[in-house]
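A.B. asks: Below is the sequence, then the predicted model.
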Amino acid sequence: MSIRITSFEGHTFRLVADNNQVSERRKYLRISIILVACAVLLGIVANAAYTIELAPGFQFSGYMQNRGYNGDGINTTYKPERVALSTTATLPNDSLIYAEVNYHAWASDRPFYLESAYYDRPLGDGRLRVGKGRRLTFGIVPTFTNRKTSNYGIVSEAATQDRVEAVQYTVKKGDIDWGIDIQRANRLGTRAIGEIPDEADRNASHTVRHLCMREIRGAPSHELELSTRVGKSWKNGLNAGLSLSAAKLDDRDLVALTTSSSTNSLTPGATPSLLPAGTTNDNKLILGLDFALKRPSGIVLQGEAFDFNVSKLNYNAWYLLLGLERPNGWKFYTRYAEQNMDVAPTTNPLSWDVQQTVFSIVQPLNKNMWLQYEYEINSEDTDTGAKVDNNIFFTEMYFRF
């Protein structure tokens, strides 16, 4: 598309807009209008109730996130982040079936994603859960309520973020809680620190990838993984636990650790591999320590630390979070985190130690709507010492219904 403008002096100016860019903007405008309209409607519903009961024993609920981003390498931009829809079927004997589907408007290739689908029931002194969902048996379960910030942060990304396909058993007796699971093993993958969805050009030079335990869609692990956690609670509001996760590395992951290629996610841009060729150790063992404390005053303090032994690669990740949750619904959090790879840095960003500081404020609008203001300050120890500009700020409007 082009527009031709001729001035009175006879000079000609031409404004050119890329047709694809215009088409993309129109697409996002249409999506945004639909989501805003839905948000208004859902907000009315949300004021009245948390869930909609479609039939006796069957409930429908969900949430919506819309964000305005600003950060290094980009001007302010608006993104409809996600819509999540879930159903819960209550069955006899205190059992239930739960399913959740997420929709990402910016993910044009695979916008729909099955987040959870499991059956949960009492068994003995505890509960048995079979299917796909949050891992309940390793570290702090990073639900929205537990992690406090909207973004997961580098430690949860590295260790606990992704859902698992598992058989899980959890027990709470008095002040002791414990759990164990057998799951399809997580694979080795990456996430981008400082990423803004659907901004490929900006993200190419303003993000840093780091090593994470992932559910790889379309290429699941061929191995099983065992996870377990034991925790204890105290009357002062403290809960602390020890976790362990063990598995055999998937053969493809061992190859990815020891081979460099442009198609290997663990060697972005055909950078050097994390381990030398010929490494045959296929063990994966992760140890974790976590604690969470909430006082009647509203003070929140929590943290996690993980020690990763992945073949011959030994590294760690940890964070501390301090917060204040006011009776009027306002919440204030700050979190500092590190992932330390304990290897000599190369041009491969997965070999870099990374640090992240987050400031987050939650402003309540009503019991099911709030604004969250979040600023991520990211840094890394690169092979050259140069800083990657990958800080981001976003304002999120969250609707729960």
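C.D. replies: On my side now, so go ahead.
A.B. asks: just the strands in the stretch 251-400 of the chain please.
C.D. replies: In the stretch 251-400 of the chain, the segments counted as strands under DSSP state E, counting those that start in this stretch are 283-294, 299-310, 313-325, 331-340, 353-366, 369-381, 392-400.
A.B. asks: The spatially most central residue of the chain: what secondary structure?
C.D. replies: By CA atoms, centre = their mean, the mean C-alpha position of the chain lies nearest to Tyr152, the distance being 4.5 Å. On the three-state scheme (DSSP: H, G, I helix; E, B strand; the rest coil), Tyr152 is labelled coil.
A.B. asks: mind listing what it touches?
C.D. replies: Residues counted as contacts of Tyr152 (CB atoms under 8 Å, 6 or more residues apart in numbering) are 142, 161. Placement of C-beta: from N, CA and C, glycine included.
A.B. asks: Could you dump the strands of the stretch 251-400 of the chain into a markdown table and include mean neighbour count, mean pLDDT and distance to Val230?
C.D. replies: Formatted as a markdown table, these follow (neighbours: other CB atoms under 10 Å; pLDDT from 0 to 100; distance: least, CB to CB, whole Å):
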| stretch | mean neighbour count | mean pLDDT | distance to Val230 |
| --- | --- | --- | --- |
| strand 283-294 | 18 | 98 | 11 |
| strand 299-310 | 19 | 98 | 15 |
| strand 313-325 | 19 | 98 | 19 |
| strand 331-340 | 20 | 98 | 24 |
| strand 353-366 | 18 | 97 | 28 |
| strand 369-381 | 18 | 97 | 32 |
| strand 392-400 | 20 | 96 | 32 |
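A.B. asks: what's the model's confidence in the longest strand along the chain, averaged?
C.D. replies: Determined from DSSP state E, the single longest strand within the chain is strand 74-91. The average pLDDT within strand 74-91 is 93.
A.B. asks: So in that sheet, which strands flank it, and in what orientation?
C.D. replies: strand 58-71 (antiparallel), strand 95-103 (antiparallel) (DSSP bridges).
A.B. asks: Same question for whichever helix or strand comes after the last one: list its buried residues.
C.D. replies: Downstream of strand 95-103, the next assigned helix or strand under DSSP states H and E is strand 112-123. Of all the residues in strand 112-123, those buried under the rule 16 or more other CB atoms under 10 Å are 115-116, 118, 120.
A.B. asks: Tell me the helix or strand right after strand 112-123.
C.D. replies: strand 126-133.
A.B. asks: For the very next helix or strand once past that next one, which outside residues touch it?
C.D. replies: Going down the chain from strand 126-133, the next helix or strand is helix 144-147, by DSSP H and E. Identification of contacts with helix 144-147 by CB under 8 Å, 6+ apart yields 140, 150, 153, 156, 292.
A.B. asks: could these be laid out in TSV, adding distance to Gln372?
C.D. replies: Converted to TSV, the contacts of helix 144-147 look like this (distance: CB to CB, whole Å):
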residue	distance to Gln372
Ile140	19
Ser150	5
Gly153	14
Ser156	16
Ala292	20
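A.B. asks: isn't Arg214 right up against Leu188?
C.D. replies: Yes: the pair Arg214 / Leu188 is scored as a contact, 7.1 Å apart, by CB atoms under 8 Å.
A.B. asks: Between the two, which is the more surrounded one?
C.D. replies: Leu188 (25 against 20; other CB atoms under 10 Å).
A.B. asks: what sits against the more buried one?
C.D. replies: With CB under 8 Å, 6+ apart, Leu188 has these contacts: 211-214, 249-250, 253, 256-257, 266, 310.
A.B. asks: and with 6 Å instead?
C.D. replies: With contacts defined as CB atoms under 6 Å, 6 or more residues apart in numbering, the neighbours of Leu188 are Asp253.
A.B. asks: That one pairs with what?
C.D. replies: Here Leu188 shows beta-bridge partners Met213, assigned using DSSP bridges.
A.B. asks: Gln363 versus that one, what's the distance?
C.D. replies: Look at Leu188 and Gln363: by CB to CB, to the nearest Å, they are 38 Å apart.
A.B. asks: same thing with Gly288?
C.D. replies: 33 Å.
A.B. asks: Same question for Ala240.
C.D. replies: Taking CB to CB, one finds Ala240 at 31 Å from Gln363.
A.B. asks: try Lys232
C.D. replies: In terms of CB to CB, Lys232 sits 35 Å off from Gln363.
A.B. asks: Repeat that for Trp330.
C.D. replies: When Trp330 is compared with Gln363 (using CB to CB), they lie 6 Å apart.
A.B. asks: what do you get for Arg110?
C.D. replies: Arg110 sits at a distance of 33 Å from Gln363 (criterion: CB to CB).
A.B. asks: ok, now Asp120?
C.D. replies: 34 Å.
A.B. asks: Also Asn151?
C.D. replies: The spacing between Asn151 and Gln363, counted by CB to CB, is 17 Å.
A.B. asks: Asp72 too?
C.D. replies: From Asp72 to Gln363 the distance is 25 Å (CB to CB).
A.B. asks: Lys172 too?
C.D. replies: Lys172 is 34 Å from Gln363, by CB to CB.
A.B. asks: One more: Ser86?
C.D. replies: Computed as CB to CB, the Ser86 to Gln363 distance reads 25 Å.
A.B. asks: go on, Glu304?
C.D. replies: From Glu304 to Gln363 the distance is 27 Å (CB to CB).
A.B. asks: what comes into contact with the longest strand of the chain?
C.D. replies: When contacts are defined by CB under 6 Å, 6+ apart, strand 74-91 is touched by residues 31-32, 35, 57-70, 96-105, 197, 202.
A.B. asks: if you set the cut-off to 7 Å instead, what comes out?
C.D. replies: Here strand 74-91 makes contact (CB atoms under 7 Å, 6 or more residues apart in numbering) with 31-32, 35, 57-70, 96-106, 115, 196-199, 202.
A.B. asks: Can you list the buried residues in that strand?
C.D. replies: 77, 79-88.
A.B. asks: Alright, I will stop here.
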